[in-house]
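Asker: Next one to model:
(chains A and B)
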Amino acid sequence: MDEDWHVYWKNPGDSGLAPTIEWKIPEGFTVGEIQWPYPVRINAGPLTSFGYEKEVILWSQIFPPKEFAELETVEIFANVEWLACRVDCIPGKAELSLMFPKSDGPPEIDPFGSEVLGKSRPLWPMDSSSWSIRVVNHPEKFVIKFLPPHSNASLKDVVFFPDDDQLIEHAAAQELQTDPMGYQLILTKSHLMITVPNYIEGVLTQALSWDDSSVHRALKIKVMLEDPGPASSSTVGSLNLWLACLFAFLGGIILNFMPCVLPVLSLKILGLIKSADNRRKILISGLLFVGGVVVSFWILAGILVALQSAGHQLGWGFQFQSPVFVIAIALVLFILALNLFGVFEIRFALNVRPGVTSLGYWGSFLSGILATVVATPCTAPFMGTAIGFALTQPPIVALLIFTCLGLGMASPFLLLCIFPGALRFIPKPGKWMYGLKVALGILLLACVVWLVWVLGLQQGFWTDLSHPTTQNLNVKNDKISWQEFSPELLAQLRTQGKPVFIDFTAAWCLSCQVNDRLVFQNDKVARTFKELGITALKADWTNHSESISKTLSGYGKNSIPLYVLYGNQREAPFILPELVTVDLVVKVLQQNIKRD
Amino acid sequence: MNRIGKVLMVVSMLFFLAPNILHAAVTTGEAAPDFTLTDTNGQSHSLSQFKEKCVVLEWFNHDCPFVKKHYDSGNMQALQKEYTGKDVVWLAINSSAAGKEGYYNAEQTNQMTKDKAAAPTAVLLDADGKVGQLYGAQTTPHMYIINPEGILIYQGAIDDKKSADSADIATSKNYVKSALDAAMAGQPVGDSTTKSYGCSVKY
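Answerer: Got it, this is the predicted structure:
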C-alpha cells in the first residue's frame, strides 16, 4: 500500500470494513481460518480504527481430503474484497487463483511461499495458555490482569484489540497500571455493548517483545470474564500512590502487635509511666522514637533498593537471611531479656528516667531502631501489598511509602507521648511491674530461642520437622504432604491442570510460623487439601534464593508470608491474606477448587 | 479479614467509577440529547421541535463508497420516501469538516440532494462535528431513531450486510426499517444497538 493508506483487521474498529475471502475449492477440500497478523491503531480525530499499513499478508491454510492422491490438477479460487482508506475510502476486489498441476513426485517447497510464511509467522499473535491472564468486569470498565511468565519482561505501549466490535470504546485510552498481581490494563466498555459476554477474546500487543524472541509482540487471549467479587482481600483493583501510603500506614500500626515488637514497645511504655511527670521529656523521647523507626525504615529500604538495582533478587526481611545478622539480633534480645530479669541493670535504652537525659534520649532513638529491626520478619496485613508496590516504583516514591510505614508503626507510641494522660489508666509502678518485666523477658527469650532455631536451620545444624520433605509423603493422613517448590515443578503441575497451593515461608518469618502452627498443621485444613487433591508446595526462603525471590516479585510481592492457590482451571492464581485462619483457608480452597 | 477485604473492594471500585469524559455518545433507551442545526436552506431545526414525531438521523457523506452503495441503488431514497410519507421526520446530517472529504456548502449539497432524488425532511450541516460527536456518530452511514417521546430507540448500521456492494442490499436485513415498523406498531425494537459500518466520519 502507498503511504497513508490502510486496510482493516478482522474487527475494523470505529469505522472501516474487514477484508473478506470467499473460497472456491475442489470438493473435499477445507479452508482454515485466516491468520490475522496483529493490527495497529489508526487514529482519525475522535475515531480509532484497527488495521494495517504498508503491507499485510493474510494467510489461510487449505487442507486436501484425506485420500487425496494428487493425481489430478487442483485449482483454487479466492474472491477477495477489501476496503482501503486514507481519508477517503476505496473498496477493492480481486479474483485470485492458484493452480497445482498434477504430479506424482514428492511435494516441493515453494521458496516464495516459505519466504512469505517466514515473514508473517512472527506477526501472528502467539498462544498465551501458559500465561496468567484474568479479565474482571467492573461497572464501566474491563480490567485485564496479566502476569508475563518472565517477570523481567519490559512493557511498552500495551494495547488490547478486541475481536468483538461492540466490546470496548476503540478510541479510549487504555491505561496500564502495576498491580500486586502483575499488570492491569483498564479498558472502557463500549456504549454499544448489548450484553456482557462470557469470554473476552482479542489480541494483546506491546511495542517490545513478550518473550526472548524480539519479534513476538502480540498475544492471543481468550479469557472467561470474572466479576470483581471479594476474590482476594490482599489484591486491590488499582493501587495508586495514596492508597499504597494508606496501606503502609495501616500495616505499620498492625506491626506493633507482632510478637517480637510488642515486648520492645511495652518496655518503652513502662519507661513512660516512670517519667509521666515530665511532659516535655516524654514528647521529645516520643519524637526520637519516631525518628529511630523512620530512619531505620529508610536505611532498610535504601539497602533493599540499592541491592535490587544492583541486580540482586532480594525481598523484605532479607537481612534475616544473613546468619551474622541473626546472631547479632539474638544477642541484643538476650541481653535485654537478662536485663528484664534483673540479672544486671543497664541504664541503656528502654527505661527513660528523668535525669538520665542524654542516654535516655538516645535510648528512645535506639529502641525505635530495635523495634523496626525485630518487626521486619513480621509482615502485617496491608504491608505486603504496600511494599510490593513500593519496590516497583521510583526510589522517591518507595521512600515515601516506607516513611508511611514507619510513621504508622510509631504512631501509637507517639500518641501516648503526646497524650500521656492516657497512661493514667495504667496502675502506678509497683510490684506488678516486676511480674510484667519477667513476662516480657520470657517473651524476648522465646524470640531468642526462635532466632537460634533459625540460625541452626540456616547453618544446617538441624532440620525443620515442620517442613517435611517429599520422603514422608505417605506418613499420616492428617498432615499436608509438602513438596519442595521449584518454578519448573509449578509449571509442570499447572500444565497438567492440577490445583496447586504454594506456601512461601521462612524460618525467620514469624507470621509464617504462626500461620503454619495454627492453620496448616490443623487437621481440618490437611483433610481439605487431601479431599480436593491439592498439591502443596513449600517455598522456603530462610536462606537467600534467587528463584523464590523472582517468583515472589512475579506476584507483585517482596515479602512473606505469601499463600498462592491455583485452581484446576487455567485461571489466574488466588492470593490469600498474610494472616490466615483455618476457616478462611478451608473456605477459599473449597470455593476455588471444583472436585473432579 | 473479610470485612477489611470488602472495604478494600469498595475503595478499589471507586477508581473505576470515574466518569468517562472522552466519549460523548448516546445510549439506546435513554433520552436523545437535543441539538440545533441549520439546514441547507438556512432554516434552523432542533430535535425538541419534533416532539410527538418519530425522528431518523442519518449521517452521510456522498463521497463515501458505503453511502454511495445505498444512494446509487436508490435504497436510502426509498426509505426516506416511505417513512417521511408516514409522518416520520428524516434528518440527513453531514459532519464532514470544511476541507475534508465529503464537505460541500449548502448550495452544492442542495444540488446533490436534487440529483440523487433524495427525500429527507431536511439536510443539516454540522461542519464543526459537534452534533456528530454528541451522538457518537462513527461512520457514514450511521443511523439513529428517536421515538415520539424523545427516547433513542435505535443506533447503528443501516443493515446487517457489512459491505460496499449494492448487490448485498437485496439479501440484507434493514435495521432501520425493522425498528421503525416495530416502533409504529407499538412493538419493542428487536435490534436496538448495532455496530455501524462504513467510512469514518471526517471530523
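Asker: Quick check: which ranges of chain B have low pLDDT?
Answerer: Across chain B, residues meeting the criterion (pLDDT under 70) sit at B:1-24.
Asker: do that again at 90, thanks
Answerer: B:1-27, B:29, B:51, B:186-187, B:190 (pLDDT under 90).
Asker: what are the ranges of the strands in it?
Answerer: B:36-39, B:44-46, B:55-59, B:89-94, B:122-125, B:139-140, B:142-146, B:152-156, B:199-200 (DSSP state E).
Asker: Tell me which of those sits most buried.
Answerer: Sort the strands of chain B by mean neighbour count, taking mean count of other Cβ atoms under 10 Å in any protein chain shown, and strand B:139-140 sits at the top with a mean of 30. Backbone N, C-alpha and C define where each C-beta goes, glycine included.
Asker: What lies in contact with that strand?
Answerer: Residues from elsewhere that reach strand B:139-140 (Cβ atoms under 8 Å, 6 or more residues apart in numbering or on different chains): A:14-15, B:59-61, B:64, B:66-67, B:102, B:196-201.
Asker: circling back to that earlier point, put together CSV for the strands of chain B, with distance to residue A:282 on each row.
Answerer: Below are the strands of chain B laid out as CSV (distance: least, Cβ to Cβ, whole Å):
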stretch, distance to residue A:282
strand B:36-39, 72
strand B:44-46, 73
strand B:55-59, 74
strand B:89-94, 75
strand B:122-125, 77
strand B:139-140, 73
strand B:142-146, 72
strand B:152-156, 68
strand B:199-200, 71
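Asker: Can you say which of the ones you listed is nearest to residue A:563?
Answerer: strand B:152-156 (48.0 Å; Cβ to Cβ).
Asker: what's the closest one packed up against?
Answerer: Packed against strand B:152-156 by the contact rule (3 or more Cβ pairs under 8 Å, 6 or more residues apart in numbering or on different chains; DSSP states H and E) you find strand B:142-146, helix B:175-184.
Asker: want to throw these into CSV with distance to residue A:382?
Answerer: What follows is the helices and strands packed on strand B:152-156, written out as CSV (distance: least, Cβ to Cβ, whole Å):
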stretch, distance to residue A:382
strand B:142-146, 49
helix B:175-184, 52
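Asker: nearest to chain A, of the ones you listed?
Answerer: Of all the helices and strands packed on strand B:152-156, strand B:142-146 sits nearest to chain A, with 9.0 Å by Cβ to the nearest Cβ.
Asker: Against which helices or strands is the closest one packed?
Answerer: strand B:55-59, strand B:152-156, helix B:175-184.
Asker: what helix or strand is residue A:339 on?
Answerer: Residue A:339 belongs to helix A:323-341 when assigned by DSSP states H and E.
Asker: send the alpha carbons of the next helix or strand after that helix over as PDB?
Answerer: As assigned by DSSP H and E, the chain's next helix or strand after helix A:323-341 is helix A:357-375. Extracted in PDB, the C-alpha atoms of helix A:357-375 (Å, rounded to 0.1, in the frame of the first residue of the first chain):
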ATOM      1  CA  THR A 357      18.500  12.500  79.800                       C
ATOM      2  CA  SER A 358      21.300  12.100  77.200                       C
ATOM      3  CA  LEU A 359      21.300   8.300  77.300                       C
ATOM      4  CA  GLY A 360      17.600   8.300  77.700                       C
ATOM      5  CA  TYR A 361      17.000  10.200  74.500                       C
ATOM      6  CA  TRP A 362      19.500   8.000  72.700                       C
ATOM      7  CA  GLY A 363      17.700   5.100  74.200                       C
ATOM      8  CA  SER A 364      14.400   6.200  72.600                       C
ATOM      9  CA  PHE A 365      16.100   6.500  69.200                       C
ATOM     10  CA  LEU A 366      17.800   3.100  69.600                       C
ATOM     11  CA  SER A 367      14.600   1.400  70.700                       C
ATOM     12  CA  GLY A 368      13.000   2.800  67.600                       C
ATOM     13  CA  ILE A 369      15.700   1.100  65.600                       C
ATOM     14  CA  LEU A 370      15.400  -2.100  67.500                       C
ATOM     15  CA  ALA A 371      11.600  -2.200  67.200                       C
ATOM     16  CA  THR A 372      11.900  -1.800  63.400                       C
ATOM     17  CA  VAL A 373      14.600  -4.400  63.100                       C
ATOM     18  CA  VAL A 374      12.700  -7.000  65.000                       C
ATOM     19  CA  ALA A 375       9.500  -6.100  63.200                       C
END
